[in-house]
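Engineer: Got a sequence here, can you model it:
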Amino acid sequence: MAEARCPASCGELIQGWILGGEKLISCPVNWFSTVAVSDGVPSGHERPRMRQMLAAVLAYFGHPAEMARGLNIRFDSTIPVAKGLASSTADIAATALATARHLGETLDEAALATLCVSLEPTDSTLFQQLTLFDHQTAATQISYDWQPQLDILLLESPQILNTEDYHRRDRQPALLASAASLARAWQLFTQAADRRDCALLGQATTLSAQASQRLLVKPDFAALMTLVEELDLYGLNVAHSGSVVGLLLDRQRHDLEKLYWQLQQYHITQNYPTQHLLTMVPGGVR
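Structural biologist: Modelled structure (predicted):
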């Protein structure tokens with residue numbers, strides 16, 4: 001038996017039209033999908049694309065397809081689904097590495113990325129470093145040697161969104177309309193990584209979140225922006241193809257009790273009734 005696990009993402013740090021196409025940088029947080037692959041009869045207790053990924057890994061290493069009949073997949077995930085938290089990427093990336101390990105093989109990040117995008121648009125949580133990623137082709141992979149020390153208050157909406165439906169929409173006109181904002185957001189992100197500056201990072205993520213409103217409106221966005229300003233938070237980020245919002249902060253520096261109280265005062269909790277205090281973590285499949 002072999003195991004692997006991959007983190008969730010609190011939406012994206014930035015996402016939009018960059019370098020001639022849509023790219024993203026995911027925001028890995030301390031929720032995980034853990035997958036175990038072992039010899040045995042398939043149980044049927046699998047998420048949709050796990051078996052497809054297992055078959056893809058067998059083919060990648062030149063093993064016969066029939067071998068899949070004798071492999072069992074088990075999983076455990078703390079990641080809510082259909083919210084923009086990269087639950088599916090975590091599932092298939094962990095499945096890929098667990099399968100490779102069970103076979104006695106190794107998969108590097110580039111090969112893993114190629115396998116994942118062959119099944120579906122993929123978040124950059126599969127990379128250890130923060131990475132600007134073409135989530136549909138894997139053609140762009142620009143990594144940054146910085147791990148922000150950051151907490152995120154994740155605001156969870158009951159609204160669910162199918163990522164595949166989102167990607168079927170004609171988003172290009174809105175993406176192109178925000179291209180200048182995303183160029184600025186990417187520039188700010190690069191400066192933040194160079195200077196190890198969470199305040200600059202927050203500026204980048206907030207700019208990208210504002211641009212995302214053209215494509216997928218987040219309720220109470222104006223009130224959330226006011227809250228960020230009043231409490232001097234680093235910024236906010238959103239799931240560009242989901243329903244969650246993240247408030248970027250430092251739990252040692254910012255007043256969490258006041259933040260929770262203000263969320264109530266602004267009635268933001270009506271649209272985001274569940275909040276989770278999470279920590280940003282390195283990406284990569286463990």
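
Engineer: And the helices in the stretch 101-250 of the chain?
Structural biologist: Using DSSP state H, counting those that start in this stretch, the helices of the stretch 101-250 of the chain run over 109-117, 163-168, 172-177, 179-195, 198-212, 221-230.

Engineer: Any regions of this protein where pLDDT drops low?
Structural biologist: 164-165, 167 (pLDDT under 70).

Engineer: Strands along that one, start to end?
Structural biologist: 2-18, 21-39, 71-77, 130-133, 141-144, 151-156, 235-238, 245-249, 274-279 (DSSP state E).

Engineer: Out of these, which gets nearest to Leu175?
Structural biologist: Among the strands of the chain, strand 2-18 comes nearest to Leu175, with 4.3 Å by Cβ to Cβ. Heads up, the C-betas are built off the backbone N, CA and C, glycines and all.

Engineer: so the closest one versus helix 179-195, what angle?
Structural biologist: Counting by axes from the mean of the first three to the mean of the last three Cα atoms, to 10 degrees, strand 2-18 lies at 130 degrees to helix 179-195.

Engineer: How much space separates the residue lying closest to Lys258 once chain neighbours are set aside from Ala222?
Structural biologist: Nearest residue to Lys258, sequence neighbours excluded (Cβ to Cβ, 6 or more residues apart in numbering): Leu231, at 6.6 Å. Going from Leu231 to Ala222 by Cβ to Cβ, to the nearest Å gives 15 Å.

Engineer: Could you break the chain into its assigned domains?
Structural biologist: The chain resolves into domains spanning 2-142, 147-279 when parsed by the TED database.

Engineer: Just want to know which of Leu231 and Ala222 has more residues nearby.
Structural biologist: The neighbour comparison of Leu231 against Ala222 (other Cβ atoms under 10 Å) goes to Leu231, with 15 against 11.

Engineer: I figured that one hits Asp255, correct?
Structural biologist: Yes. Using Cβ atoms under 8 Å, Leu231 makes contact with Asp255 at a distance of 6.8 Å.

Engineer: so what's Thr274 up against?
Structural biologist: Contact analysis of Thr274 by Cβ atoms under 8 Å, 6 or more residues apart in numbering lists 155-156.

Engineer: The same query, at a cut-off of 6 Å, please.
Structural biologist: Glu156 (Cβ atoms under 6 Å, 6 or more residues apart in numbering).

Engineer: before we move on, the earlier item: comparing the helices of the stretch 101-250 of the chain, which stretch has the densest surroundings?
Structural biologist: helix 198-212 (a mean of 23; mean count of other Cβ atoms under 10 Å).

Engineer: Run the chain-centre distance for it.
Structural biologist: Using Cα atoms, centre = their mean, to the nearest Å, the distance from the centre of helix 198-212 to the centre of the chain it belongs to is 16 Å.

Engineer: Now do that helix: everything it contacts.
Structural biologist: With Cβ under 6 Å, 6+ apart as the test, helix 198-212 has contacts from 13-14, 16, 148, 150, 178, 181, 185, 188-189, 191-192, 234-238, 240, 248.

Engineer: re earlier: okay, the residue nearest to Lys258 and Thr78: tell me how far apart.
Structural biologist: Taking Cβ to Cβ, one finds Leu231 at 28 Å from Thr78.

Engineer: now Pro173
Structural biologist: From Pro173 to Thr78 the distance is 37 Å (Cβ to Cβ).

Engineer: what's the neighbour count on the residue nearest to Thr205 when sequence neighbours are not counted?
Structural biologist: Among residues not flanking Thr205 along the chain, Asn237 sits closest, at 3.9 Å (Cβ to Cβ, 6+ apart). Residues within reach of Asn237, counting by other Cβ under 10 Å, total 30.

Engineer: hmm, back to that, mind putting the strands of the chain in JSON lines, distance to Leu107 included?
Structural biologist: Output for those, formatted as JSON lines (distance: least, Cβ to Cβ, whole Å):
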{"stretch": "strand 2-18", "distance to Leu107": "10"}
{"stretch": "strand 21-39", "distance to Leu107": "13"}
{"stretch": "strand 71-77", "distance to Leu107": "16"}
{"stretch": "strand 130-133", "distance to Leu107": "16"}
{"stretch": "strand 141-144", "distance to Leu107": "15"}
{"stretch": "strand 151-156", "distance to Leu107": "29"}
{"stretch": "strand 235-238", "distance to Leu107": "29"}
{"stretch": "strand 245-249", "distance to Leu107": "29"}
{"stretch": "strand 274-279", "distance to Leu107": "27"}
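
Engineer: Between those strands, which one is closest to Arg214.
Structural biologist: Smallest distance to Arg214 across the strands of the chain (Cβ to Cβ): 9.5 Å, for strand 2-18.
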